[in-house]
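[1] here you go, sequence then predicted model.
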Amino acid sequence: MKIVLHGQQAFGSAVLDRLISNRENVIAVCSAPNKDGKKIDPLVENAIKNKIPVYQPESWKTDDAFDLMKSLEADLCIMAYVLLIIPSQILNLPKFGSIQYHPSLLPMHRGPSSINWPISMGSDNTGITIFWPDDGLDTGPILLQKKCRIEENETLGELYFNKLFPMGVDAIEESIQLIRDDKAPKIIQNISDGSYESWFGKEQSKIEWSMDVNDIHALIRASDPQPGAWSTIKGIEVKLYESRILSREDTDPGRVYGLDDCLLIGTKNGILSFNKIRAGGSKTKALDYCKDNNIHIGDYFN
């Protein structure tokens with residue numbers, strides 16, 4: 001099959017590596033436009049290294065973009081981490097259409113922050129979906145899904161890079177074979193049984209120390225490494241990382257309870273320990289930050 005790979009970043013590059021390894025006929029790579037002063041995207045760099053034509057339209061909602069995809073005469077388009085909106089008239093141009101990777105079990109957690117939300121909500125499992133995109137937001141028919149567990153202390157970064165990333169690459173490979181064998185299903189999503197959440201950003205990652213200890217621990221993990229769960233102490237905004245639930249008892253929310261092995265902070269019904277903190281620059285050891293900024297037992301995070 002003649003394949004167009006549309007994507008970006010490390011995931012898109014890893015998918016390209018797999019396609020090349022499998023001797024697939026990748027006729028073109030599409031990616032977001034280069035940004036001034038930024039490094040070239042890993043997928044674009046990989047395509048150039050392998051002498052694969054690269055196309056980077058500013059928008060796919062134009063006649064020129066339509067003509068571009070039509071001219072490629074592709075059999076299949078693979079969407080591997082695409083943030084631009086692609087109209088269905090372009091998605092449907094390849095002989096077998098387009099398939100897309102999404103890091104959740106659709107129809108749950110449709111939207112741009114689909115890894116953050118299940119962690120923050122305390123879910124104990126999530127997964128990936130390969131689906132046939134349409135004009136909706138992650139609403140197209142499902143081709144296949146793979147499920148994985150969210151561990152008690154697992155962060156967003158760990159979940160993505162250790163599980164959802166490699167699962168996605170494998171699932172795209174499996175999907176290509178199903179399409180080639182004419183065995184790829186198109187299972188209609190029941191959107192009413194799912195959910196849509198928007199960006200998980202600064203507003204969503206603010207720590208309220210009066211919350212349940214489990215909820216705060218989930219929020220910390222869902223925000224690590226980005227956007228970073230944050231609070232303030234002595235008027236300074238800081239981000240906290242590497243939390244563990246130390247105890248489950250009624251404590252004074254936001255109060256510093258310990259500065260020995262880790263930074264210990266009270267919540268509504270438990271104490272959390274923290275190893276790392278960030279205040280504008282790079283992550284540092286939480287204890288070092290507290291020492292350098294005269295933070296003591298009995299001080300409060302707000």
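    Yep, that arrived. Predicted model only: the values in this text are computed from it and were never measured. Residues are numbered from 1 along each chain as shown.
[2] so which residues of the stretch 1-150 of the chain form helices?
    Here the stretch 1-150 of the chain has its helices, by DSSP state H, counting those that start in this stretch, at 9-21, 42-49, 63-72, 88-91, 116-120.
[3] so what does the longest one touch, helix or strand wise?
    Right, the one you point to is helix 9-21. For helix 9-21, the packing partners by 3 or more CB pairs under 8 Å, 6 or more residues apart in numbering; DSSP states H and E come out as strand 2-7, strand 25-30, helix 42-49, strand 76-80, helix 165-180. Bear in mind the C-beta positions are built from the backbone N, C-alpha and C, glycine included.
[4] quick one, which of the helices of the stretch 1-150 of the chain is packed in tightest?
    helix 116-120 (a mean of 24; mean count of other CB atoms under 10 Å).
[5] thinking again about what came up before, can you redo the helices of the stretch 1-150 of the chain as CSV, where the extra columns are mean pLDDT and distance to Thr251?
    Output for these, formatted as CSV (pLDDT from 0 to 100; distance: least, CB to CB, whole Å):
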stretch, mean pLDDT, distance to Thr251
helix 9-21, 98, 40
helix 42-49, 98, 45
helix 63-72, 97, 56
helix 88-91, 97, 52
helix 116-120, 98, 22
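[6] in a markdown table: the ones you listed, plus distance to Asp260.
    Below are the helices of the stretch 1-150 of the chain laid out as a markdown table (distance: least, CB to CB, whole Å):
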| stretch | distance to Asp260 |
| --- | --- |
| helix 9-21 | 38 |
| helix 42-49 | 42 |
| helix 63-72 | 59 |
| helix 88-91 | 57 |
| helix 116-120 | 28 |
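[7] out of those helices, flag the one nearest Tyr101.
    helix 9-21 (7.5 Å; CB to CB).
[8] still on that earlier bit, make JSON lines out of the helices and strands packed on helix 9-21 and add distance to Glu242.
    Output for the helices and strands packed on helix 9-21, formatted as JSON lines (distance: least, CB to CB, whole Å):
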{"stretch": "strand 2-7", "distance to Glu242": "31"}
{"stretch": "strand 25-30", "distance to Glu242": "37"}
{"stretch": "helix 42-49", "distance to Glu242": "27"}
{"stretch": "strand 76-80", "distance to Glu242": "30"}
{"stretch": "helix 165-180", "distance to Glu242": "21"}
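[9] among the ones you listed, which is nearest Cys290?
    So among these, helix 165-180 is nearest, using CB to CB, at 34.2 Å.
[10] and whichever helix or strand comes after the closest one, what's buried?
    Downstream of helix 165-180, the first helix or strand assigned by DSSP states H and E is helix 213-222. Across helix 213-222, burial judged by 16 or more other CB atoms under 10 Å covers Val213, Asp215, Ile216, His217, Ala218, Leu219, Ile220, Arg221, Ala222.
[11] ok, stretch 282-296 next?
    Lys283, Ala286, Leu287, Tyr289, Cys290, Ile295.
[12] what does stretch 171-182 contact?
    1, 3, 15, 18, 22, 24, 76, 78, 80, 96, 99, 101, 128, 130, 143-144, 146, 184-185 (CB atoms under 8 Å, 6 or more residues apart in numbering).
[13] tell me, what residue is most central in the chain?
    Centroid-nearest residue in the chain: Ile115, 4.9 Å away (criterion: CA atoms, centre = their mean).
[14] and the pLDDT at that residue?
    As predicted, Ile115 sits at a pLDDT of 98.
[15] residues in contact with the closest residue to it other than its chain neighbours?
    Of all residues not flanking Ile115 in the chain, Pro103 sits nearest, at 5.2 Å (CB to CB, 6 or more residues apart in numbering). With contact set as CB under 8 Å, 6+ apart, Pro103 has these partners: Ser114, Ile115, Thr126, Ile128, Tyr160, Leu164, Gly168.
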